[in-house]
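Student: output the structure for:
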Amino acid sequence: MFENATNTLIFKPASKWVSGRQYYFTIVIKERNSDTVKYSYYCTVRVTGEVYEQDTKVERILINYEISEIDEAGKGAIQFDNDVNMTWLEEKFGKVFTVFWRDTDYKDNQEDKQLTAFDVYDWGGEDNRTISFWLEFEKPYKIGLLRKRSDKLYVVVNDGYGGEDITEMFVTNKTITSLNTTEAWKRLEMIFDWRNPEMALLRKISKNMYWVLVAIILLQFVLLSMRRVGLLPVWIFIEYLQLVGFMPVYNFRLIPYLYDAFKPTLVSHMIIFDETPGMPELDKEYFNSNYKYYWLSVGRMSQSFFFCCLFLFMVMIANLVVYAIHKAKVSNPSLREWANAKMVQFKFNAYIRFYMLAYFDTTFFSIMKIMDENNSTTARKAALLLSYIIFIGAILIPIFLIAHINRRFEILGLKQAKQSFNTLLLKIDKASRWRVMNPAYFFARRLLTAMLLTLPINNTFIFLQYVFILMSSHAYILYMVACKPFQTPQINSYVLANETFYSALIIAIFIFSDATPEQPIKFGAGVALMVSLVLLVLSNIVMNVVYLVQGPNTIKKQIKEATLKRAEKEALERAEEEERKLKKKKEEEEFTKIPDDTMNITQQDPNNMTGGVGNTVDGPSTKGKGGKRKKKGQEDNVVEPNGMGSDDFNVASKKRRRGKDKEKGKGDDVTEGTIGGPSRSKKRKTNQDTVQGTDFTTNAHTKGDLI
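Tutor: Got it, this is the predicted structure:
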């Protein structure tokens with residue numbers, strides 16, 4: 001095309017079929033006042049690019065379109081496989097195409113749902129083939145909640161092209177070009193559209209709760225320290241927030257606004273900023289889609305590692321300051337005593353408590369780095385080496401600590417014996433090995449949880465995530481109920497309440513799997529999740545208020561009373577258990593007497609036994625007064641040579657004899673305490689001793705000795 005105003009030739013290659021080809025033309029210049037004087041210039045134009053060969057056998061050009069992937073914000077694109085007239089399409093799109101979506105219950109309701117808005121923000125600006133759009137739904141948080149069943153977006157061509165001439169859309173030969181595709185659809189994943197009023201409100205609440213939790217943790221730390229009642233509620237609260245903080249990255253799809261409900265708990269992992277300073281590239285890397293939904297990038301997780309290192313540095317600096325005061329010969333006795341007391345805590349309680357708080361994060365990050373295959377740079381290789389060291393330490397250090405506790409179990413009651421590691425056994429009753437094993441469960445649960453969190457979504461054992469966290473929580477509840485490891489019922493109830501709310505979160509989160517496709521149930525589970533989170537925080541606040549009101553003296557008194565009651569109860573239970581064992585042993589020994597009677601029969605002379613055959617079943621027939629009478633107590637079964645009767649076939653006789661034996665006050669083989677009963681004559685005692693084939697001489701303890 002020639003522009004007269006600028007004397008410029010403009011070439012507009014509008015199709016891929018002209019790329020890579022040469023075109024020849026002639027420019028003719030004529031003098032203004034002459035019709036015969038002309039000058040011809042032969043020109044060549046070459047279009048850059050790859051040469052596309054058209055199939056000359058194809059009679060028609062078919063144009064198709066498809067929908068690209070739709071991201072979590074609801075943005076996507078319609079892509080044509082050939083150039084189209086975007087100016088015409090922008091004007092006629094609503095008449096030619098219809099856009100709608102169908103939910104997971106379409107088979108039942110057969111309803112095509114309309115969008116709130118279909119905003120196109122780019123009409124083929126880059127390649128003349130792509131229409132970029134942004135979807136808006138009435139309730140975006142209801143979309144994409146299932147994995148095996150999907151919500152779908154449809155772009156459909158209207159019948160008769162809406163009365164429009166579709167050939168105007170083509171830039172190629174209109175006579176041989178036609179639109180081949182009439183329908184395209186794409187699966188809708190979870191939509192995080194913060195333009196929605198409900199989601200925007202919940203995000204605002206979540207941001208405020210973020211700083212509320214920070215204030216709660218710092219405030220209770222200061223108040224409990226000033227009141228001198230111990231920091232146990234702070235540590236327990238942080239430990240449970242850490243477990244809750246990573247729950248959304250399990251293999252479940254929560255309602256989008258529920259991810260914001262969990263985000264404040266990331267404070268316990270020291271993840272503070274939405275964007276990591278100095279690491280913009282890491283903020284775009286995610287372990288998998290669940291981490292992306294939770295907005296937990298590699299950059300944000302690196303914040304936790306950074307603050308762990310920072311707090312460790314602060315603890316070491318504080319240790320050096322206290323050490324300097326401790327070694328200096330200060331004249332102030334109060335300062336000297338304070339420094340001595342703090343040095344005891346730095347050796348090694350402060351470092352053990354720091355390790356317990358950082359254990360979950362450091363173990364989790366080290367396993368994630370080990371699982372990461374990208375080790376191209378020197379920094380990444382160094383991080384991999386450090387990750388192996390941290391992971392090996394996460395296994396060996398807890399084993400060493402628990403072994404040390406068990407080795408010193410016998411002297412844990414002494415303050416000096418446990419003062420270097422008593423933070424492991426904070427407010428734990430040291431009278432039972434089962435109770436002092438509470439720290440072992442602490443480390444084991446966090447180690448296995450960290451390992452399961454790094455499982456890829458497509459792993460065949462991904463279901464172990466839910467099975468383990470559920471079973472571990474229930475096991476700890478049973479342990480708490482059975483052992484009551486803490487010193488007072490008040491602390492046991494507090495920890496049990498936290499574990500119960502945590503277990504309720506686990507049960508509720510299972511509703512967000514495909515096992516429960518009904519959306520009303522999912523939204524009910526969402527309410528249960530938020531209520532459990534609130535109760536977890538409230539229980540901590542209540543416990544802090546109770547501690548502050550009671551004060552150190554009342555708490556110490558409660559610990560002493562509870563320890564005394566527990567000791568009395570356990571002593572009584574041990575005595576009852578010993579009594580049951582002795583009673584069982586006595587019954588077993590009495591039962592062994594019956595075979596001894598039958599053994600006497602087999603040891604008799606065979607001739608004597610033959611002579612007594614006539615008296616076996618029916619018994620001897622007594623003739624007149626001169627006949628031989630049975631002795632008292634002798635039965636009619638088998639007469640032994642010594643004149644005594646065997647009672648092997650007479651159950652009633654056995655029962656009578658057992659009853660008589662139990663009534664003896666003296667001479668029994670096994671006795672339990674002093675049991676009252678009628679006295680027996682020496683003759684009767686001699687007879688009884690003669691019948692027995694074996695004499696048992698077990699010395700039993702009396703009930704008084706046991707108590």
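
Student: centroid-nearest residue for the chain?
Tutor: residue 469 (3.8 Å; CA atoms, centre = their mean).

Student: give me the next element, helix or strand, following the strand or helix carrying that residue.
Tutor: According to DSSP states H and E, residue 469 maps onto helix 464-483. Next in sequence after helix 464-483, counting helices and strands by DSSP H and E, comes helix 489-509.

Student: so how far is that following helix off the chain centroid?
Tutor: Distance of helix 489-509 from its chain centroid, counting by CA atoms, centre = their mean, to the nearest Å, is 14 Å.

Student: same question, stretch 77-86
Tutor: For stretch 77-86, the separation from the chain centroid amounts to 47 Å (computed by CA atoms, centre = their mean).

Student: contacting residues around it?
Tutor: Residues outside stretch 77-86 that contact it (CB atoms under 8 Å, 6 or more residues apart in numbering): 14-16, 61, 63-68, 123-124, 128-133, 155, 168-172, 184. Yep, even glycine has a C-beta here, placed from its N, CA and C like the rest.

Student: re earlier: residues in contact with the residue nearest to the centre of the chain?
Tutor: By CB under 8 Å, 6+ apart, the neighbours of residue 469 are 250, 449, 452, 506.

Student: farthest pair within the residues you listed?
Tutor: By the measure CB to CB, 452 and 506 form the most distant pair in the contacts of residue 469, at 12.9 Å.

Student: returning to that earlier point: what's the angle from the helix holding residue 469 to helix 489-509?
Tutor: If you take axes from the mean of the first three to the mean of the last three CA atoms, to 10 degrees, helix 464-483 sits at 160 degrees to helix 489-509.

Student: got the buried residues for helix 464-483?
Tutor: Buried residues in helix 464-483, defined by neighbour count with 16 or more other CB atoms under 10 Å: 465-466, 469, 472-473, 476, 479-480.

Student: let me have these in CSV, extended by pLDDT and distance to residue 362.
Tutor: What follows is these, written out as CSV (pLDDT from 0 to 100; distance: CB to CB, whole Å):
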residue, pLDDT, distance to residue 362
465, 82, 20
466, 84, 24
469, 88, 20
472, 91, 20
473, 93, 23
476, 94, 22
479, 94, 26
480, 93, 27
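
Student: show me which of those residues is closest to residue 487.
Tutor: Using CB to CB, those come closest to residue 487 at residue 480, 13.5 Å.

Student: ok, the nearest residue to that closest one once chain neighbours are set aside to residue 563 distance?
Tutor: The spatially closest residue to residue 480, leaving aside those adjacent along the chain, is residue 496, at 4.8 Å (CB to CB, 6 or more residues apart in numbering). Remark: distance between residue 496 and residue 563 (CB to CB, to the nearest Å) = 19 Å.

Student: just residue 231 next, same as before
Tutor: Distance, residue 231 to residue 563, using CB to CB: 21 Å.

Student: got a PyMOL select line for the buried ones in the contacts of stretch 77-86?
Tutor: Selection of buried members from the contacts of stretch 77-86 for PyMOL, criterion 16+ other CB under 10 Å:
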select buried, resi 61+63+65+67+124+128+129+130+131+132+133+155+168+169+170+171+172+184
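
Student: what does the helix or strand hosting residue 358 rub up against?
Tutor: Using DSSP H and E, residue 358 sits in helix 350-371. Residues outside helix 350-371 that contact it (CB under 8 Å, 6+ apart) are 235, 238-239, 242-243, 246, 269-270, 287, 301, 304-305, 308, 311-312, 315, 318-319, 383-384, 386-388, 390-391, 394, 397, 401, 421, 423-424, 442-443, 446-447, 449-451, 453-454.

Student: now do the buried residues in it.
Tutor: Neighbour-count burial for helix 350-371, counted by 16+ other CB under 10 Å, picks out 350-369.

Student: what pLDDT, on average, does that helix get?
Tutor: The average pLDDT for helix 350-371 rounds to 92.

Student: and the next helix or strand past that helix?
Tutor: Using DSSP H and E, the next helix or strand after helix 350-371 towards the C-terminus is helix 378-407.

Student: and that following helix with helix 350-371, angle?
Tutor: 130 degrees.

Student: now render the contacts of residue 469 as TSV, adding pLDDT and secondary structure.
Tutor: Below are these laid out as TSV (pLDDT from 0 to 100; DSSP: H, G, I helix; E, B strand; the rest coil):
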residue	pLDDT	secondary structure
250	86	coil
449	91	helix
452	88	helix
506	91	helix
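
Student: of those residues, select the buried ones using a ChimeraX command.
Tutor: Filtering the contacts of residue 469 down to the buried ones (16+ other CB under 10 Å) takes a single ChimeraX command:
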select :250,449,452,506
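
Student: residue contacts, residue 51?
Tutor: Neighbouring residues of residue 51 by CB under 8 Å, 6+ apart: 19-21.

Student: separation between it and residue 16?
Tutor: Computed as CB to CB, the residue 51 to residue 16 distance reads 10 Å.

Student: next: residue 387.
Tutor: Residue 387 sits 49 Å away from residue 16, going by CB to CB.

Student: quick one, domains of this structure?
Tutor: With domains defined by automatic domain parsing, the chain comprises 2-46, 61-188, 299-456, 659-707.

Student: residue 487: which of these is closest?
Tutor: Across the domains of the chain, closest to residue 487 is domain 299-456 (CB to CB), at 5.1 Å.

Student: can you pull the pLDDT of the residue nearest to residue 494 when sequence neighbours are not counted?
Tutor: Spatial nearest neighbour of residue 494, excluding adjacent residues (CB to CB, 6+ apart): residue 543 at 4.8 Å. With respect to pLDDT, residue 543 scores 94.

Student: quick one: secondary structure of residue 543?
Tutor: Secondary structure for residue 543, judged by DSSP: H, G, I helix; E, B strand; the rest coil, is helix.

Student: what about it, how many residues nearby?
Tutor: Using other CB atoms under 10 Å, residue 543 has 23 neighbouring residues.

Student: that one contacts residue 233, doesn't it?
Tutor: Yes: assessed by CB atoms under 8 Å, residue 543 is found in contact with residue 233 at 4.8 Å.
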